[in-house]
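Student: Predicted structure and sequence below. I'll ask about it afterward.
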Amino acid sequence: MFKKRRILFVNLPFSGHTNPTLELAKTFVSLGHEVTYVHSPDWKNKIERTGAVFVPYDGYPSTLTTSQKETKSWGAAYKTVQRIGKGFDCLIYEMLFLPGKVVADQLGIPAFRLFSTFTLNEKVLHDFGKTGGWYMTFIFRYPLLCKIVSQVLKKKFNLRYGNIAKEMTDNAPKLNFTYTVKEFQIYSGDFDSSRYKYVGASIGGREEKEFDFSKIENPIIYISLGTLLNTSVKFFRKCLDAFRNQPVSVVMSIGNVVKMEQLGKIPDNFFVYPFVPQLEILKKASLFITHGGMNSVNEALYYGTPMLVIPVGNDQPTVARRIETLHLGKYMKQKDIDADSLRLSAMEILNNNSYKDTLREFQIKSQSAGGNMEIARQILAELDNE
C-alpha cells in the first residue's frame, strides 16, 4: 500500500498536451491521493471533473486574446508553481512546460515528466524543425534563431543550459513517461530504458456520449482532423466527393467552425457532426483519416485502426512518416489531395489486410502497456523509495 501523497500538476493551455494528463490526475485521486492542478482558467471545469483541486495561473487576466494567453502561460504557470509548490511530494509536468525540472529543484521536490508527443532529444527536434512547417517547432530549423530563443528562456526561467534541446535531455527528471509504445518511438535506442518509459495511449476516464450506429453499415471510414484543418470547407467537400456513393459509411467530425450548410448536399452514406465520441468510433472504424496528432494516432494504435494521415505541422509530418514506414497506414501531403487521390488511397488501405495485421501487433502492445495506471504506480513507487 502506498503512502498518501500530495501531488502537484502543471500544464499549458494546449489541448493535445493537456488531454492525456487528465486521466492521470483522476487516477491519482481514485487511489486516494491529494491532487492539485495548475492550469489556465479555461481548463477549470475539465480539471475539477477529475477530482483534482484547480489552481488558476497567477497574473493571467481573462481579457487576454488566445495568442496572448498561450504566450503568457509559461511565465504565469512558472510563477504560480513557485508560489504554491512548497509542501507537495512531487511535481508532474508535460514536456512543453520546459522549466518543470528547474522549478521542482527550486522547491526541493522530485519532478516527473510526461510526453504527449515522441520522447524528445536533439535529433527528434531537428526532424520536427525540418518538416513541421511554420508552427512552434520551426525554430529548430534555424540554429541562430534557436540559440536566441534558448538564451531568452534560460534567463527568464533560470534554466541550466542555454540550449532548449540540451535542457530537455541533460536536465531531465529521473523518470519520464511517453504516451505511446516504444516500437512507435523514433530513435528509441537513444533513450535510457531505466529512465524513459512507454505506457501507450491515455484511454480511460473519457466522458463520451453514446453514439447511434444503427444506420451505419461497415466498413466505416472515420474522418477527424485537428483545429488547423477543421476550418477548411474545401477539404471536407473533397471528402464528400471522394466517398459519395461508395460502398462505405463515412462518419465525419467537422468541428465548430465549419457549418453543415456550407458543405452542400450531404450524401446518404455520410454522417456528419460537429463532434463525435472518438473512442467509440475508433472501436468500429475500418479506416481513420486524421491529421496525425499524436493523441489520436495512439488511440488508433490502441484500437488497431489503420490510418490515412494528412499532416499540417509540428510533429505531425514525422508521425505520418512513422505510420507509413511501419505499415500502419499511408501518408498524404495536403497539396496532393483531390477527391480521386483521397478515394484511391483510402480504398487501397481498406482492401489490403496487411495493414490490419501489422496493427494487431501494435494493438496488443498498446493495450498491455499500462497507460496512466502504470505511470501512477511507478511514480508512487519512486516516491516511496526516496
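Tutor: Arrived safely. Numbers count the residues shown, from 1 in each chain.
Student: where does the stretch 1-150 of the chain dip in pLDDT?
Tutor: Judged by pLDDT under 70, the stretch 1-150 of the chain has its weakly predicted residues at 1, 132-136.
Student: Would you map the helices across it?
Tutor: Remark: helices assigned in the stretch 1-150 of the chain by DSSP state H, counting those that start in this stretch are 15-30, 44-48, 66-84, 100-107, 122-131, 143-157.
Student: Okay, buried residues for the shortest one please.
Tutor: Along helix 44-48, the positions that meet the burial threshold by neighbour count (16 or more other C-beta atoms under 10 Å) are K46, I47. In short, each C-beta sits where N, CA and C put it, glycine included.
Student: who does it touch, helix- and strand-wise?
Tutor: helix 15-30, strand 53-56 (3 or more C-beta pairs under 8 Å, 6 or more residues apart in numbering; DSSP states H and E).
Student: Nearest to G255, out of these?
Tutor: helix 15-30 (12.1 Å; C-beta to C-beta).
Student: The closest one: which residues count as buried?
Tutor: 16-29.
Student: For that helix, enumerate the helices and strands it packs against.
Tutor: Partner elements for helix 15-30 (3+ C-beta pairs under 8 Å, 6+ apart): strand 6-10, strand 34-39, helix 44-48, strand 90-94, strand 111-115, helix 294-303, helix 371-385.
Student: residues in contact with I266?
Tutor: I266 makes contacts with L240, M260, V272, as judged by C-beta atoms under 8 Å, 6 or more residues apart in numbering.
Student: what about 10 Å?
Tutor: Applying C-beta atoms under 10 Å, 6 or more residues apart in numbering to I266 gives the contacts L240, R244, V250, M252, M260, V272.
Student: Of those, which is the most crowded?
Tutor: For the contacts of I266, neighbours were counted using other C-beta atoms under 10 Å, and V250 has the most, 25 neighbours in all.
Student: Would you double-check that that residue falls in a strand?
Tutor: Yes: according to DSSP: H, G, I helix; E, B strand; the rest coil, V250 belongs to a strand.
Student: I figured it was touching Y273, is that so?
Tutor: No: counting by C-beta atoms under 10 Å, Y273 is not a contact partner of V250; they are 11.5 Å apart.
Student: Can I get the helices of the stretch 1-150 of the chain in JSON lines including distance to V297?
Tutor: JSON lines is the format used below for those (distance: least, C-beta to C-beta, whole Å):
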{"stretch": "helix 15-30", "distance to V297": "11"}
{"stretch": "helix 44-48", "distance to V297": "22"}
{"stretch": "helix 66-84", "distance to V297": "23"}
{"stretch": "helix 100-107", "distance to V297": "24"}
{"stretch": "helix 122-131", "distance to V297": "15"}
{"stretch": "helix 143-157", "distance to V297": "26"}
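Student: E280: which of those is closest?
Tutor: Nearest of the helices of the stretch 1-150 of the chain (C-beta to C-beta): helix 15-30, 16.3 Å.
Student: Mind pulling the model confidence for P306?
Tutor: For P306, the pLDDT comes out at 98.
Student: so what's the nearest residue to it once chain neighbours are set aside up against?
Tutor: Spatial nearest neighbour of P306, chain neighbours left out: Y355 (4.2 Å); criterion: C-beta to C-beta, 6 or more residues apart in numbering. Applying C-beta under 10 Å, 6+ apart to Y355 gives the contacts 286-287, 304-307, 323, 327-330, 348-349.
Student: what's the angle from the helix or strand where Q363 lies to helix 294-303?
Tutor: Using DSSP states H and E, Q363 falls within helix 353-367. Here the directions of helix 353-367 and helix 294-303 differ by 100 degrees (axes from the mean of the first three to the mean of the last three C-alpha atoms, to 10 degrees).
Student: avg pLDDT for helix 353-367?
Tutor: pLDDT averaged over helix 353-367 gives 97.
Student: tell me which residues in it are buried?
Tutor: Buried residues in helix 353-367 (16+ other C-beta under 10 Å): Y355, K356, T358, L359, F362, Q363, K365, S366, Q367.
Student: now do stretch 177-190
Tutor: For stretch 177-190, by 16+ other C-beta under 10 Å, it's F177, T178, Y179, T180, V181, K182, F184, Q185, I186, S188.
Student: Please tell me I have it right and the fourth one contacts T119.
Tutor: Yes: judged on C-beta under 10 Å, T180 makes contact with T119 at a distance of 8.5 Å.
Student: which neighbours do those two share?
Tutor: Shared contacts of T180 and T119, defined by C-beta under 10 Å, 6+ apart, comprise S188, Y198.
Student: Can you give me every residue that contacts K284?
Tutor: Contacts of K284 by C-beta under 10 Å, 6+ apart are F211, F213, I216, N218, P219, I220, Y222, S249, V251, Y303, T305.
Student: Likewise for S224?
Tutor: With contacts defined as C-beta under 10 Å, 6+ apart, S224 is in contact with 230, 251-255, 273, 275-276, 278, 281-282, 288-291, 293, 296.
Student: Same check on S368?
Tutor: S368 touches V181, G200, E374, counting by C-beta under 10 Å, 6+ apart.
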